[in-house]
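1. Below are the sequence and a predicted model; questions follow.
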Amino acid sequence: MSSTTELLKGAAELFPGEVVTQAHVRHLDLPFGAGRFALITLDNGLDHTKPTTFGPQSLANLNAAIDQVEKEAAEGTITGVGLTGKPFIFAVGADLKGVELLGRHEDALAIGKGGHDVFRRLSGLAVPTFAYYNGAAMGGGVEVGLHCTYRTVSTAIPAFSLPEVFLGLVPGWGGCALLPNLIGADRAVSVIIENSLNQNRQLKGKQVFELGIADAIFEGADFLEQSLVWTANVLKGSVSVERAEVDRGDAWDAAVARGRAIADSKVHGAAPAAYRALDIIAAAKDGDLSAGFDAEDQALADLIMGGELRSGIYAFNLVQKRAKRPAGAPDKNLARPVTKVGVVGAGLMASQLALLFLRRLEVPVVLTDIDQERVDKGVGYVHAEIEKLLGKGRINQDKANRLKGLVSGVLDKAEGFADADFIIEAVFEEIGVKQQVFAEVEAVAPAHAILATNTSSLSVTEMASKLKNPERVVGFHFFNPVAILPLLEIVRGEQTDDASLATAFGVARKLKKTAVLVKDAPAFVVNRILTRFMGEIQNVIDEGTPVEVAEKAVEPLGLPMSPLVLLELVGPAIGLHVSETLNRAFPERFTVSENLAAVVKAGKRGFYVYDSGAPVLDPEVAALLKQGDTVLTEEQTRDRVLDAVAQEIGLMLEEGVVAEAQDIDLCLITGAGWPFHLGGITPYLDREGVSQRVNGKPFLAQGVASVPA
């Protein structure tokens, strides 16, 4: 028994739930007299939507297939070996369900070495090897192909990436060492670092080919057939594969420096994965692949045992699993059909909502507002966005015409909403205005219609309190930009019934949003946490800490933007309004910053100006600031802010605002763009000891987003 087989056999005991991938070998005769060819197909036996992954048993199966073709290659009975996947999926990397269960460094090291030992055998065969990327390929799925001599890619591939840094790992089965030696360090940095840290940006087939990862590209319909014809031509010598020479001079060093700058801008040194990957890329400059593979093994093992990966896997599971089964959602069979949607308001937010409902539900959507000019502007916005989709080739002319025909605007709510099933308001954030709007809508809407509010902070229960049928009112809080951010906070008022709530969740599914059930509490989840977070930043500034110190203090969290830049995006007036709402509800914890009020009164849109391209404190804002004489350090500021956030989350969980801490994290990841490597926020607070310090206990049980006990 080989050392690799022994290694994988031992590791298999650590992956009890592995979905095993088979590696089937079949033989075929290539055209043009190119000889007998061995084709290995990866297949986990599940339907075509279920990804193929690599755990120890899966690697052992591939290893056994390579044993067979290695013998045939040595005997001269085959001229080449190919590797492909089942329809639509090549392979998507390591089995994360098993990785998160590993509790010892030596076990983690075994996983890295096992993958390397199997994959690198492909490059050591006595005949050329070919990877045929026929479908989605990620992580180890990409890497196994990098060990082959040649690669082809399908134009139909929807997703191709090395996402490990996004999750808190490095490409540990050859990616860091092989990719820069194939396509150059700068392009490799783009794939491994830049794309990963930009919310796991995916490549399409054409991009894979243009980057030089694949040597040929073919249409999806007959991809394998064309790849085999190309293979025959390569083996016969009628097709020559030429690759650009890799620059191993200053360009390599500049690429690594660019990668470090990207990592610094995204995670500010707080997450190690990107830097470990860059260290391996830097060392790969001399082309010593064995040393590179050893470095990958060590980095992989270290990171598997670290908190970042556990948080990344935790976040991945939240988005991929928990989001699909919302905690507390009622029986979906109670949901009523929605065949027409009404939107009260025709401003930017309302128009974005109308466009989303139109595109996803493809039912009539009608907007109303207080005058015809506003209505026409709202409908015009939707039409213009449809034209943009047409221009980009996202929809065809027939669909564009159909969608335009489904959207309309009227002044008379009775005319527009008499047969609507779902009506959402997006008007001024003032309780009296919203109560009046709902009263007007209830008077003309059918008895079964759901009345939804896009309020960001007001009480849904109070909004419905003066209606005859308050049970059909539900909070439906989107996040801006509506088309991009996945989160939808669905708020149950005190009298909201199950049928209305089920209908709201049904609509959310059709809108392809991540719906989280939220109690009717001030500012719900994301805005409450962000307001406490930003409020504490504003407090330390008001008390005397310089703006730049307060901003820099929270950089280690690796947030998508600094607090004051976020405030600028939200709008200082909206931020002030939410803080006033929460101050009325919880005056002991939420303050209203006099400096923020002064900025709003002065009509400033933010704290910064960008004349030089970088944010600089606006001199006019600086002149408005009134500060005390208490100056905190970055560390003191960070501790104070994190303590406040931990306290607020603890109170929210006690109040039952959401079912569990996992829902808090899901909301922050999908609604506020908090990074995967934090797992949202609660794993970070646990890991840093803040939860214990503030609340006397961690938010999550040991092993949920950390190494098992």
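-> Okay, I see it.

2. so where's the longest helix in this protein?
-> helix 634-655 (DSSP state H).

3. Dump the C-alpha coordinates for that helix into PDB.
-> Provided in PDB are the C-alpha atoms of helix 634-655 (Å, rounded to 0.1, in the frame of the first residue of the first chain):
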ATOM      1  CA  GLU A 634      -7.000  53.300  18.400                       C
ATOM      2  CA  GLU A 635      -7.100  50.300  20.700                       C
ATOM      3  CA  GLN A 636      -9.300  52.100  23.300                       C
ATOM      4  CA  THR A 637     -11.600  53.200  20.600                       C
ATOM      5  CA  ARG A 638     -11.900  49.700  19.100                       C
ATOM      6  CA  ASP A 639     -12.500  48.100  22.500                       C
ATOM      7  CA  ARG A 640     -15.300  50.700  23.300                       C
ATOM      8  CA  VAL A 641     -17.000  50.200  19.900                       C
ATOM      9  CA  LEU A 642     -16.800  46.400  20.000                       C
ATOM     10  CA  ASP A 643     -18.000  46.300  23.600                       C
ATOM     11  CA  ALA A 644     -21.000  48.400  22.600                       C
ATOM     12  CA  VAL A 645     -21.800  46.100  19.600                       C
ATOM     13  CA  ALA A 646     -21.500  43.000  21.800                       C
ATOM     14  CA  GLN A 647     -23.800  44.500  24.400                       C
ATOM     15  CA  GLU A 648     -26.400  45.400  21.800                       C
ATOM     16  CA  ILE A 649     -26.400  42.000  20.100                       C
ATOM     17  CA  GLY A 650     -26.700  40.300  23.500                       C
ATOM     18  CA  LEU A 651     -29.800  42.500  24.300                       C
ATOM     19  CA  MET A 652     -31.300  41.800  20.900                       C
ATOM     20  CA  LEU A 653     -31.000  38.100  21.400                       C
ATOM     21  CA  GLU A 654     -32.600  38.400  24.900                       C
ATOM     22  CA  GLU A 655     -35.400  40.400  23.300                       C
END
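
4. can you give me the helices for the stretch 301-450 of the chain?
-> For the stretch 301-450 of the chain, the helices defined by DSSP state H, counting those that start in this stretch cover 307-320, 348-361, 372-391, 397-406, 413-417, 431-444.

5. out of these, deepest packed?
-> Each of those was scored by mean neighbour count; the highest is helix 307-320, a mean of 23, by mean count of other C-beta atoms under 10 Å. From N, CA and C alone the C-beta is placed, and that goes for glycine too.

6. Contact partners for K510?
-> K510 sits next to V338, R360, L361 when contact means C-beta atoms under 8 Å, 6 or more residues apart in numbering.

7. how much space between it and E385?
-> Note on K510: its distance to E385, by C-beta to C-beta, to the nearest Å, is 19 Å.

8. Tell me how far stretch 406-423 lies from the chain's centre.
-> Distance of stretch 406-423 from its chain centroid, counting by C-alpha atoms, centre = their mean, to the nearest Å, is 35 Å.

9. pLDDT on it, on average?
-> The average pLDDT for stretch 406-423 rounds to 96.

10. what's the first-to-last distance across it?
-> Stretch 406-423 stretches 16 Å from its first residue to its last (C-alpha to C-alpha, to the nearest Å).

11. Could you do stretch 88-104 as well?
-> End-to-end distance of stretch 88-104 (C-alpha to C-alpha): 35 Å.

12. R687 is nearest to which of the helices of the stretch 301-450 of the chain?
-> Nearest to R687 among these is helix 307-320; the distance by C-beta to C-beta comes to 4.6 Å.

13. what helices or strands is the closest one leaning on?
-> helix 96-99, helix 164-167, helix 661-672, helix 682-687 (3 or more C-beta pairs under 8 Å, 6 or more residues apart in numbering; DSSP states H and E).
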